[in-house]
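Asker: Give me a 3D structure for the following:
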Amino acid sequence: MIIRRSSIRLTLFAALLGVAPLAGQGAAAQPSPADVAFMSGMIGHHAQAVLMAGWAETHGASPTVLNYCRKVAVSQRDEIHLMERWLADHHQAPADTSGMYALPGPGMDRMRMPGMLTAEQLVRLDSARGPAWDRLFLEDMIRHHQGAVSMVNQLFETPGAGQGLVFQFATDVSADQTIEISRMRQMLLTLP
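Answerer: Modelled structure (predicted):
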């Protein structure tokens, strides 16, 4: 059995969330507005990645890209749950990001975060099939991941933000997404 680094990280992060109130980091320690915005925004960002990856099965993805998409869907869903739990533990409601990762509809392009696909880009990806889908997915997901790294950088540039568990989580997101960008670039090189 192969144990992924992200699985270990998520397990540790979840354990830390569970003991944070006992360690004096619970309700008494109010998160910065930037931390709340980052965690809320990253939920929407991850949700769009899950949506995109979920199309692999029905859009004729190659076995390599399909396996990668399955990994993305699982890991990013797990991280969404952790971010939702962190927000709940800090009595914060996530921002309304429902229009940011769905197919076109009212308000789709409002408050776009770095790397988020527009409605038109999502339609184009959803319309592609086979090798064309693989290529477009990888190109779009590279930009999407670069946007997540940009969000982490913005968080760390904000005075007083990115402390404690948010720092650990954001650092891991940046490292993981950077590694994934390299993997996707390699996959692009092997496409027909």
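
Asker: Quick check: the gap between the residue most central in space within the chain and Gly130.
Answerer: In the chain, the centroid-proximal residue (CA atoms, centre = their mean) is His46; its distance is 2.9 Å. Distance of His46 to Gly130, given as CB to CB, to the nearest Å: 26 Å. In short, each C-beta sits where N, CA and C put it, glycine included.

Asker: same check, this time on Ala56
Answerer: Applying CB to CB, the value for Ala56 to Gly130 is 11 Å.

Asker: Looking at those two, which is more packed in?
Answerer: Ala56 (21 against 12; other CB atoms under 10 Å).

Asker: per-residue confidence at the spatially closest residue to that one that is not a sequence neighbour?
Answerer: Of all residues not flanking Ala56 in the chain, Cys69 sits nearest, at 3.7 Å (CB to CB, 6 or more residues apart in numbering). Per-residue pLDDT puts Cys69 at 98.

Asker: For Cys69, give me its contacts.
Answerer: Contact analysis of Cys69 by CB atoms under 8 Å, 6 or more residues apart in numbering lists Met52, Ala53, Gly54, Trp55, Ala56, Glu57, Ala61, Phe137.

Asker: Thank you kindly, that will do.
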